[in-house]
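# the following block contains a protein sequence and its predicted model.
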Amino acid sequence: MPALLEIENLHVAVKGRPILKGVSLKIQKGEIHALMGPNGSGKSTLSYAVMGHPRYEVTDGKILIEGRDITALPPFERARLGIFLGFQYPMSLPGVSVANFIRTAMKSVKGAEAGIRDFRKTLREKMSLLEMDEKFATRYVNDGFSGGEKKRLEILQMACLAPKLAVLDETDSGLDIDALRVVASGIMKTAGPENGILLVTHYQRILDYVKPHFVHVFKDGRIAESGGPEMALELEKKGYAWLEEKAVAAEAAS
């Protein structure tokens with residue numbers, strides 16, 4: 001059976017400048033993968049490349065979902081195949097209510113519009129999951145939202161759309177400890193045996209709540225190290241300079 005997500009030797013450039021330099025990664029159904037690394041290492045570029053952002057040019061390699069090559073597909077087709085991207089900096093949409101936005105997104109992704117009663121029931125259930133007041137649904141998308149509210153809305157969208165693969169780009173950025181706990185709890189409640197999650201983060205703290213099966217460390221556009229959850233704790237203690245020291249030691253020993 002093919003992997004849920006398979007990235008093969010992916011090279012990506014932005015405005016002609018190489019960012020990803022040969023990334024290979026497999027995510028199976030039921031798995032949570034954390035992607036860590038310093039600023040500028042290419043983590044967010046990988047997120048956007050998986051979603052098909054036109055600014056990110058794939059110069060070599062492939063992206064496959066359940067064995068299907070999606071490297072050339074536009075973002076809306078990837079969304080319909082079950083890929084979701086949670087943004088680090090979600091946009092505001094003044095004049096568009098949360099409820100209307102999510103209902104439109106569900107129709108676009110699923111290809112059919114749910115009846116209003118069914119939609120309201122789903123929305124209420126998912127908002128309860130994220131400890132959100134029902135009045136939240138009447139507010140305009142991210143208009144005047146706090147950082148925590150913006151990230152809760154990202155997870156609310158994910159919960160309603162029920163994607164096969166969720167790519168979450170620094171969902172923990174800008175969150176205080178209470179918002180982090182609620183958002184992380186929402187991520188874990190939407191995780192299951194039929195989907196996969198790629199969580200991009202700088203910090204180990206969210207991994208106290210979202211328990212990854214695998215941790216990958218990015219450096220200079222490549223995955224430099226992979227391991228289990230203990231790797232995040234190692235990075236928390238030693239920092240990313242540890243990778244440099246390890247690489248130098250390996251080169252000296254060869």
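Here it is on my side, so go on.
# in this protein, which helix or strand is least confident?
Ranked by mean pLDDT, DSSP states H and E, the weakest helix or strand in the chain is helix 241-253, scoring a mean of 68.
# what lies in contact with the helix or strand residue 156 falls within?
Secondary structure from DSSP states H and E places residue 156 in helix 147-161. Identification of contacts with helix 147-161 by CB atoms under 8 Å, 6 or more residues apart in numbering yields 84, 86-87, 90, 98, 102, 105-106, 109, 122-123, 126-127, 129-130, 132, 136, 141-142, 145, 166, 168, 171-176, 178-179, 182-183, 186-187, 189-190. (C-beta placed from N, C-alpha, C; glycine too.)
# and the helices in the chain, which stretches?
Secondary structure of the chain (DSSP state H): helices at 43-51, 75-80, 98-110, 116-129, 147-161, 177-190, 230-238, 241-253.
# could you give the mean pLDDT of the third one?
Spelled out, that is helix 98-110. Helix 98-110 comes out with an average pLDDT of 93.
# on that earlier part again, for residue 207, find the nearest of the helices of the chain.
helix 230-238 (4.9 Å; CB to CB).
# and the contacts of the closest one?
Residues contacting helix 230-238 (CB under 8 Å, 6+ apart): 34, 36, 203, 204, 207, 212, 215, 217, 225, 242.
# neighbours of residue 90, how many?
17 (other CB atoms under 10 Å).
# and the gap between the nearest residue to it once chain neighbours are set aside and residue 78?
Nearest non-adjacent residue to residue 90, counting by CB to CB, 6 or more residues apart in numbering: residue 150, 4.8 Å away. For residue 150, the distance to residue 78 (CB to CB, to the nearest Å) stands at 23 Å.
# now residue 196
In terms of CB to CB, residue 196 sits 14 Å off from residue 78.
# those two: who's more crowded?
Between residue 196 and residue 78, counted using other CB under 10 Å, the more crowded position is residue 196 (25 against 19).
# show me what contacts the more buried one?
With contact taken as CB under 8 Å, 6+ apart, residue 196 is in contact with 4, 5, 27, 28, 29, 30, 31, 32, 33, 164, 165, 166.
# and for the last one, the neighbour number?
It stands for residue 166. 27.
# and it, what does it touch?
Residue 166 is in contact with 84, 86, 158, 187, 190, 195, 196, 197, 198, counting by CB under 8 Å, 6+ apart.
# look up the residues forming beta bridges with the first one.
Using DSSP bridges, the beta-bridge partners of residue 84 come out as residue 166.
# pretty sure it is touching residue 169, no?
No. Using CB atoms under 8 Å, residue 84 makes no contact with residue 169, being 11.0 Å away.
# flag the shaky bits of the stretch 101-250 of the chain, pLDDT-wise.
The stretch 101-250 of the chain contains residues with pLDDT under 70 at 246-250.
# now do stretch 81-88: distance from first to last residue.
Using CA to CA, to the nearest Å, the end-to-end distance of stretch 81-88 comes out at 22 Å.
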